[in-house]
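Asker: predicted model and sequence below, questions to follow.
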Amino acid sequence: MSDLAHLTIWDDPAIHDSLSWYLEVAENRRPAKFRIAATLATHLDPVASSEEALWAELDRLTPIFVRRWQAIRAGEPLPATADGPSLLEVCRELAYRMLAHCNFCPWNCRVDRMAGVKFGACKLASASRVSSYFHHTGEELFFRGTEGSGTIFFTSCNMRCAFCQNGDISTDKDNGEETDPRTLAAMAWTLRREGSGRCAMALAKTPWYWETLTRNLALIAEWGEDFSIRHLVMPNHVECCTYPVLEWIAEYMPTVPVNVMAQFHPDNFCDSASTKYRDKYAEIARRPSRTELNSSWRRARELGLKFEATTFERRNPH
């Protein structure tokens, strides 16, 4: 569970009831809607079908999608992804068709943005333009959490607000860089991983660390191999790193021997006595405190993990 779910603002019934689905998706307990759409098969070939047929298929599949979404909200598992084209591909193809006679917004310009010769109110051709992407700390608390919300600033707004606080971005069609769908998805994914796996990004430059490690451990357990797990307690990273790791082990492989290690010491770029030291690693430029270690061991004990014999064997080797 991330820091977002621990915020006391969720204790407000009005906020929790209104944004419960958002929180569930943010915590990876429920699938995003595009993943649900990918489970609904279509009999059409989206690329070969007419736009009229695509709209008809969207109308047919939408109520089915809504029922499936409601069922998942009620606790049902996400079905398997469709074999072949799905509602997701229908929506994607419709988006490209609409670009040829753009009517995405009420301006209804009807310009051919795919040709990119004549422009409408947004001044954009077929590609999106991104000015910047970062973690925004100015959004509402239930969006930003403690690390900021993942924000992508697009250029060329289709409105003309005289009071716009981002006028240099919104009114300049040449601001930013043209961004294809895969790059845009990578931006969103990176921002999400930096919020769910910020420490891996900041300290190990490995945004896929958690996913790779947990997947591999799950495979080893599935194969019936004998193994143990080592976890290194790091200063200032007990609540954000150690607790989630121990909780994951308790949920998925509670009988595996675990060594909750106290051996961390600052080295390489976080050793303040080294010429390689970098100030940005100051938070781990010390050994973990006795309080941090005791908190880690106490949490492991509360979770019922098999850690004490492995972790403390040097205190009583016989």
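Answerer: Received it, and whenever you're ready, just let me know what you need. Numbers count the residues shown, from 1 in each chain.

Asker: from here on, contacts and neighbour counts on C-alpha atoms
Answerer: Noted.

Asker: now do stretch 299-313: distance from first to last residue.
Answerer: 19 Å (Cα to Cα, to the nearest Å).

Asker: strands of the stretch 51-200 of the chain, start to end?
Answerer: For the stretch 51-200 of the chain, applying DSSP state E, counting those that start in this stretch gives strands covering 128-136, 149-154, 177-179.

Asker: do the same with the stretch 201-318 of the chain
Answerer: Shown for the stretch 201-318 of the chain, the strands assigned by DSSP E, counting those that start in this stretch span residues 229-232, 258-261.

Asker: single out the most deeply packed of those.
Answerer: Stretch with highest mean neighbour count among the strands of the stretch 201-318 of the chain: strand 258-261 (a mean of 21; mean count of other Cα atoms under 10 Å).

Asker: direction included, what does it pair up with?
Answerer: strand 229-232 (parallel) (DSSP bridges).

Asker: now the strand it pairs with: how far from the chain's centre is it?
Answerer: Centre-to-centre, strand 229-232 and its host chain are 24 Å apart (Cα atoms, centre = their mean, to the nearest Å).

Asker: can you check stretch 141-155 too?
Answerer: Counting by Cα atoms, centre = their mean, stretch 141-155 comes out at 12 Å from the chain centroid.

Asker: quick one: buried residues of that stretch?
Answerer: Across stretch 141-155, burial judged by 16 or more other Cα atoms under 10 Å covers 141-145, 147-152, 154-155.

Asker: got the CA positions of it in PDB?
Answerer: Written as PDB, here are the backbone C-alpha positions of stretch 141-155 (Å, rounded to 0.1, in the frame of the first residue of the first chain):
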ATOM      1  CA  LEU A 141      -4.100  16.200  -1.500                       C
ATOM      2  CA  PHE A 142      -6.000  13.100  -2.500                       C
ATOM      3  CA  PHE A 143      -4.400  13.400  -6.000                       C
ATOM      4  CA  ARG A 144      -0.900  14.500  -5.100                       C
ATOM      5  CA  GLY A 145      -0.300  12.400  -2.000                       C
ATOM      6  CA  THR A 146       3.100  13.200  -0.400                       C
ATOM      7  CA  GLU A 147       5.100  13.100  -3.600                       C
ATOM      8  CA  GLY A 148       3.000  15.000  -6.100                       C
ATOM      9  CA  SER A 149       0.600  13.900  -8.800                       C
ATOM     10  CA  GLY A 150       1.900  12.800 -12.200                       C
ATOM     11  CA  THR A 151       1.200  15.700 -14.500                       C
ATOM     12  CA  ILE A 152       1.600  16.100 -18.300                       C
ATOM     13  CA  PHE A 153       1.300  19.600 -19.700                       C
ATOM     14  CA  PHE A 154       0.000  19.600 -23.300                       C
ATOM     15  CA  THR A 155       0.400  22.600 -25.600                       C
END
